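Got a predicted structure plus its sequence, pasted below:
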Amino acid sequence: MNCLSILLAVSLHTGIVGDYNEIHPHVKCQVENISFGTYYNSEKSISTYMSFDLELPKMNIEVGLATGYELAPVLPLVRFKKGKFFLTPIYNPKGDNGFIIGFEQKIK
């Protein structure tokens, strides 16, 4: 059994100000609805994560924990997914709040 996937995501950051990376190479291992992976994040740093997919009638919600961001060593991860598209809320207690809108394609 091979759980490994290589993906590429592109994103648009809305509601926040800054120079964010919008290209995200991503390596993931998924077994049933649990995933572990690493990706090049919006802050131009490497993130690792662990997540769980919740299947709803019209979309999936991915919830978990991610590392690699300036705000804190470990942050909650939430992505609303429908097909190859995703929406991630951004909450920063210091100010900027918004959304990341993205598209992710499996390469291998």
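Yep, it's here.

What residues of the one helix or strand residue 26 maps to count as buried?
Secondary structure assigned from DSSP states H and E places residue 26 in strand 23-31. The neighbour-count check on strand 23-31 (16 or more other C-beta atoms under 10 Å) flags 24, 26, 28 as buried. Backbone N, C-alpha and C define where each C-beta goes, glycine included.

In the sheet, which strands lie alongside that strand, parallel or antiparallel?
Its sheet considered, strand 23-31 pairs with strand 4-14 (antiparallel), strand 34-40 (antiparallel) by DSSP bridges.

starting at the chain centroid, how far to it?
Strand 23-31 sits 9 Å away from the centroid of its parent chain (C-alpha atoms, centre = their mean, to the nearest Å).

Same check on stretch 63-72?
The answer for stretch 63-72 is 10 Å, by C-alpha atoms, centre = their mean.

ranges for the strands of the protein?
Here the chain has its strands, by DSSP state E, at 4-14, 23-31, 34-40, 46-55, 60-67, 74-82, 85-91, 97-106.

I'd like those written out as JSON lines, with mean pLDDT added.
Formatted as JSON lines, those follow (pLDDT from 0 to 100):
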{"stretch": "strand 4-14", "mean pLDDT": "96"}
{"stretch": "strand 23-31", "mean pLDDT": "97"}
{"stretch": "strand 34-40", "mean pLDDT": "97"}
{"stretch": "strand 46-55", "mean pLDDT": "97"}
{"stretch": "strand 60-67", "mean pLDDT": "97"}
{"stretch": "strand 74-82", "mean pLDDT": "96"}
{"stretch": "strand 85-91", "mean pLDDT": "93"}
{"stretch": "strand 97-106", "mean pLDDT": "95"}
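
Take the strand holding residue 26, keep the C-alpha atoms, and write them as CSV.
The C-alpha atoms that make up strand 23-31 are tabulated as CSV, following Å, rounded to 0.1, in the frame of the first residue of the first chain:
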residue,chain,number,x,y,z
ILE,A,23,2.6,28.4,-5.1
HIS,A,24,2.6,25.4,-2.6
PRO,A,25,4.3,22.1,-3.5
HIS,A,26,2.9,19.5,-1.1
VAL,A,27,3.8,15.9,-0.2
LYS,A,28,1.2,13.9,1.7
CYS,A,29,0.5,10.5,3.0
GLN,A,30,-3.2,9.7,3.5
VAL,A,31,-4.6,6.6,5.0
